[in-house]
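Asks: Give me the fold of what follows.
(chains A and B)
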There are 2 protein chains.
Amino acid sequence: MQKEVTIYDIAEKLGVTASTISRGLNNSPRVTKKTRDKIHAAAVEMGYQHNTIASNLRKQQSKTIGVMVPRLNSFFITSVLTGIERVITKEHYDILIMNSAESGMIEVANAKSLLNKRVDGVITSLALTTKNLHHFTPFFERKIPVVFFDRIIQEINCTKIIIDNFNCGYRATTHLISEGYKRIAHITGDLQRNVYNERFLGYKKALKENEIIFSNKLVKICSADKSEIIQTVELLLKQKPDAFFVTNDFSAAVCIHVLHQKGFKIPEDIAVIGFNNDVLGDLITPKLSTVDYPGELMGEIAAAELIDQMRLKNNKENIVDKTILVPAALIIRESTLKLKL
Amino acid sequence: MQKEVTIYDIAEKLGVTASTISRGLNNSPRVTKKTRDKIHAAAVEMGYQHNTIASNLRKQQSKTIGVMVPRLNSFFITSVLTGIERVITKEHYDILIMNSAESGMIEVANAKSLLNKRVDGVITSLALTTKNLHHFTPFFERKIPVVFFDRIIQEINCTKIIIDNFNCGYRATTHLISEGYKRIAHITGDLQRNVYNERFLGYKKALKENEIIFSNKLVKICSADKSEIIQTVELLLKQKPDAFFVTNDFSAAVCIHVLHQKGFKIPEDIAVIGFNNDVLGDLITPKLSTVDYPGELMGEIAAAELIDQMRLKNNKENIVDKTILVPAALIIRESTLKLKL
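Replies: Model prediction:
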């Protein structure tokens, strides 16, 4: 491999310091016209190529933002990325995407990597096993803006883009109760994460308001792995539920699949409501009731916020702590409509 | 923001050149022990932090690979990414993912960005509108290995990971014919891309072998946009097809959806076969026949190849031009099984 020509090489050839070369190439008035001309001539002659990283190192700006997501095989996440890309690309930033694959350890490594690559800002949603936010401290110290979406930790001082998960869980459950279902099973994710915990609390509140006794046996935590979902549904069926509130549409579709195989009619015997409004929801039979989670809109808002804050940073002003609540909507389709049959 | 301490600052303080500071911090024998100690002491005192980018610039290695994908909202692509991550993470490389969103222009910009970020290698699949491979020339010139998967250009000297798309198209169509279908519509992507073109040629060969006259009116090019797919299916229905060969499962699921709405029975009236073996295939009714496209395996192979070549590069050996054919399989489910009803 041919070694790249650096400013050190030009410095050596001309017998001046590297910083003089750097200043000369940037046409600094601190270098005489004569020396500047000599430097430019030598740079051309030696095949020096201006180095963007080195240049951005000096400017402390990379025109790049980092997006750390907990997974990629998710309709919601790819929708958010579409929204981010739409806004960020217009502003001529590059987007580096890093996947933590639901691992807190990988998330820590990815944060370090984005820091080393000198991103100007970060948009992120936490992995399932992320325990704390220490890996974001270096960004805060350097005033590199970080915008959280979806899976957040409320106690942190920065911008958070979320939906009202509590209310969504409450409304989904209330809808099931209003259709006459009483033994409502709940399949969700790790309750340490805000989104799942709040949906669960909303579910509990709806039960309580309707004087339905809450049973821990009807609640199961489950990953997005298909065989694990199948096992979980089979386990819950022993509790004779008449409805399932499942906090993602893919798992809800697998749930319907299992129920069909066992001979249950949906929604006559058992209702199923999902969460996210994935494209698959109205392609399956019966069409899936769900909560519309506006991923693209959240991505657009997150990106617009980040751009604002990167500008503020350039003006040396402070970053504002705020929570932006994006509206979500209950979408009622065939899988829960018992009354209207 | 506090300005970061650079080697220039230490150089100024100690009255030596920046390159001496650099050598001293790297314990080069070209700097005396006494000077080295002075440099280290000053670095600690001034709060100098070792800078990974700058360091990697010197080593010309970033321990980062770039993955440029044509889209992210695709089960196939996220499967490939999962395979790549599994292999690359073990080797302690970071992965930067960039999405070209099917735009050749964005792909060119992304390639430039990865080059500027000094990735050690690239894994990529081409966007729909990519016209040529000029944007990869700088990688080839610098002997940065590039591995292509799925959407490739055959004429390029590097490693390509593909399936036998021609054979898959041929087998899917032959299966439909053997079930008694004769007017087979074909919905596919831009025929300038190898994958779609070869599947189309396989489709044509199967028709010819079975003495079915090919009709251009039964072939439509279509994006992955749902409303566009619906329009395309409606348009093709005017040609009275008795089967659809659709080159991705999501579009095939939308096709089934439209056919159901129009009152067609599947597979009695019309058969539908997809491509990719997405998770949604056996969640819809009827279960979708498809071609299993082993994305995770392709990702693993691409990553293993790239790692081999990055090692070769470090040994200053040459990069090998080769094509790796990954086996794909026909998966026959309910949506095409007319004979066995």
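Asks: Burial check on residue A:134, number of neighbours?
Replies: Per other C-beta atoms under 10 Å in any protein chain shown, the neighbour tally for residue A:134 reads 9. In this view, the C-beta of every residue, glycine as well, is placed from N, C-alpha and C.
Asks: How about the one 10 residues further on?
Replies: Summarising burial for residue A:144: neighbours were counted as other C-beta under 10 Å, giving 24.
Asks: residues of the helix or strand hosting residue A:228 that come out buried?
Replies: Residue A:228 belongs to helix A:226-237 when assigned by DSSP states H and E. Of the residues in helix A:226-237, A:226, A:229, A:230, A:232, A:233, A:236, A:237 count as buried by neighbour count, 16 or more other C-beta atoms under 10 Å in any protein chain shown.
Asks: does the residue lying closest to the second one once chain neighbours are set aside count as helix, strand or coil?
Replies: Spelled out, that is residue A:229. Distance criterion C-beta to C-beta, 6 or more residues apart in numbering or on different chains; nearest residue to residue A:229, sequence neighbours excluded, is residue A:254 at 4.4 Å. Here residue A:254 is recorded as helix under DSSP: H, G, I helix; E, B strand; the rest coil.
Asks: what's the answer for residue A:16, then?
Replies: Per three-state DSSP, residue A:16 ends up coil.
Asks: swap in residue A:285?
Replies: Classification of residue A:285 using three-state DSSP returns coil.
Asks: Equivalent analysis for residue A:144, please.
Replies: State at residue A:144, reduced to three classes by three-state DSSP: coil.
Asks: Just flag the most distant two among the buried residues of helix A:226-237.
Replies: Using C-beta to C-beta, the pair of those lying farthest apart is A:226 and A:237, separated by 16.8 Å.
Asks: Would you tell me what the next helix or strand after the lowest-mean-pLDDT helix or strand in chain A is?
Replies: Of all the helices and strands that make up chain A, helix A:52-59 has the lowest average by mean pLDDT, DSSP states H and E, namely a mean of 51. The element immediately downstream of helix A:52-59 (helix or strand, assigned by DSSP H and E) is strand A:64-69.
Asks: residues making contact with that next one?
Replies: Residues outside strand A:64-69 that contact it (C-beta atoms under 8 Å, 6 or more residues apart in numbering or on different chains) are A:77, A:80-81, A:84, A:88, A:93-100, A:107, A:110-111, A:114, A:117-125, A:303, A:306, A:310, B:113, B:117.
Asks: what sits against the nearest residue to residue A:146 once chain neighbours are set aside?
Replies: Once flanking residues are discounted, residue A:146 sits nearest to residue A:122: 4.6 Å by C-beta to C-beta, 6+ apart. Residues near residue A:122 by C-beta under 8 Å, 6+ apart: A:65-68, A:111, A:114, A:136, A:139, A:144-147, A:306.
Asks: what about 7 Å?
Replies: Applying C-beta atoms under 7 Å, 6 or more residues apart in numbering or on different chains, we find residue A:122 in contact with A:65, A:66, A:68, A:114, A:139, A:144, A:146.
Asks: any idea how far it is from residue B:25?
Replies: Residue A:122 is 29 Å from residue B:25, where distance means C-beta to C-beta, to the nearest Å.
Asks: same question, residue A:5
Replies: Relative to residue B:25, residue A:5 is positioned 22 Å away (C-beta to C-beta).
Asks: What of residue A:211?
Replies: Distance from residue A:211 to residue B:25, by C-beta to C-beta: 71 Å.
Asks: Just want to know which of these two has more residues nearby.
Replies: Higher neighbour count among residue A:211 and residue B:25: residue B:25, with 18 against 7, using other C-beta under 10 Å.
Asks: Would you confirm that the more buried one contacts residue B:39?
Replies: Yes - with contact defined as C-beta atoms under 7 Å, residue B:25 reaches residue B:39; the gap is 6.2 Å.
Asks: For these two, list the residues in contact with both.
Replies: Counting by C-beta under 7 Å, 6+ apart, nothing touches both residue B:25 and residue B:39.
Asks: give the contact list for the residue nearest to the spatial centre of chain A.
Replies: Taking C-alpha atoms, centre = their mean, the centroid of chain A lies closest to residue A:125, which sits 3.7 Å from it. With contact set as C-beta under 7 Å, 6+ apart, residue A:125 has these partners: A:69, A:70, A:148, A:149, A:150, A:151.
Asks: Could I get the phi/psi values of it?
Replies: When read as degrees, to the nearest 10, the backbone of residue A:125 gives phi -130, psi 140.
Asks: same thing with the one 10 residues further on?
Replies: Dihedral pair for residue A:135: phi -70, psi -10, per degrees, to the nearest 10.
Asks: pLDDT at it, what is it?
Replies: pLDDT, residue A:135: 95.
Asks: what's the answer for the one 3 residues further on, then?
Replies: In this model, residue A:138 is scored at 93, pLDDT.
Asks: what's it sitting at in phi/psi?
Replies: Phi and psi for residue A:138, reported as degrees, to the nearest 10, are phi -60, psi -30.
Asks: How much space separates it from chain B?
Replies: Computed as C-beta to the nearest C-beta, to the nearest Å, the residue A:138 to chain B distance reads 10 Å.
Asks: before we move on, what about residue A:129?
Replies: Taken as C-beta to the nearest C-beta, the span from residue A:129 to chain B is 15 Å.
Asks: Please verify my assumption that that residue contacts residue A:104.
Replies: Yes - Residue A:129 is in contact with residue A:104 according to C-beta under 7 Å; the separation is 4.1 Å.
Asks: interface residues of the stretch 201-341 of chain A facing chain B?
Replies: With C-beta under 7 Å from any C-beta of the partner chain as the criterion, the stretch 201-341 of chain A comes near chain B at residues A:226, A:253, A:254, A:257, A:279, A:280, A:283, A:284, A:285, A:316.
Asks: Name the residues of the lengthiest helix in chain A that are buried.
Replies: Secondary structure of chain A read by DSSP state H shows that its longest helix is helix A:295-314. For helix A:295-314, the neighbour count (16+ other C-beta under 10 Å) marks A:295-296, A:298-307, A:309-310, A:313 as buried.
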